[in-house]
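Novice: coords please:
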Amino acid sequence: MKRNDILHEEKQVAQRESDEWKAAAKANDRKAKKVKQDLADIVRDANKRARVATSEAEYATKMAREANEREAAAEEATQRGNRRNTERAGVPDARRILSDGVALS
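Specialist: Residues are numbered from 1 along each chain as shown. Predicted coordinates:
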């Protein structure tokens, strides 16, 4: 083989290798873009779930607060009813002070 033929063949081999590397780089770039998109989707979904969980937690807190308020109101009503029933039965309210200044406990 002549020197020019050898150089031409080496150039063709180098060109094929270059084309293969370019194709591999392109494929890796596509894979990287796909992974990046998948990660973006995962983050978006996680943020959505976090917003939903936060809303649910806020609602649960609101419901608990309202339940506590209802419980306190019921307890107060029960206490008022107990005092009223006790007074009707002729027993003075334990929190009242007697006329002689002695408190019942």
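Novice: mean confidence score for stretch 15-23?
Specialist: For stretch 15-23, the mean pLDDT works out to 95.
Novice: Can you dump the C-alpha atoms of it in PDB for me?
Specialist: Extracted in PDB, the C-alpha atoms of stretch 15-23 (Å, rounded to 0.1, in the frame of the first residue of the first chain):
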ATOM      1  CA  GLN A  15     -13.900   9.500  11.100                       C
ATOM      2  CA  ARG A  16     -15.900   6.400  11.900                       C
ATOM      3  CA  GLU A  17     -14.600   6.500  15.500                       C
ATOM      4  CA  SER A  18     -15.500  10.200  15.700                       C
ATOM      5  CA  ASP A  19     -19.000   9.500  14.400                       C
ATOM      6  CA  GLU A  20     -19.400   6.700  16.900                       C
ATOM      7  CA  TRP A  21     -18.400   9.000  19.800                       C
ATOM      8  CA  LYS A  22     -20.700  11.700  18.500                       C
ATOM      9  CA  ALA A  23     -23.600   9.200  18.400                       C
END
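Novice: Off-centre distance for that stretch?
Specialist: 48 Å (C-alpha atoms, centre = their mean, to the nearest Å).
Novice: residues in contact with it?
Specialist: By C-beta atoms under 8 Å, 6 or more residues apart in numbering, the list of residues contacting stretch 15-23 from outside is empty. From N, CA and C alone the C-beta is placed, and that goes for glycine too.
Novice: For this structure, which segments count as helices?
Specialist: For the chain, helices defined by DSSP state H occupy the ranges 3-88.
Novice: where does it dip in pLDDT?
Specialist: Filtered on pLDDT under 70, the chain yields the residue ranges 1, 87, 89-105.
Novice: Tell me which residue lies nearest the centroid of it.
Specialist: Centroid check for the chain by C-alpha atoms, centre = their mean gives residue 50 as the closest residue, at 3.2 Å.
Novice: ok, that one to residue 13 distance?
Specialist: Here residue 50 is placed at a distance of 55 Å from residue 13 (C-beta to C-beta, to the nearest Å).
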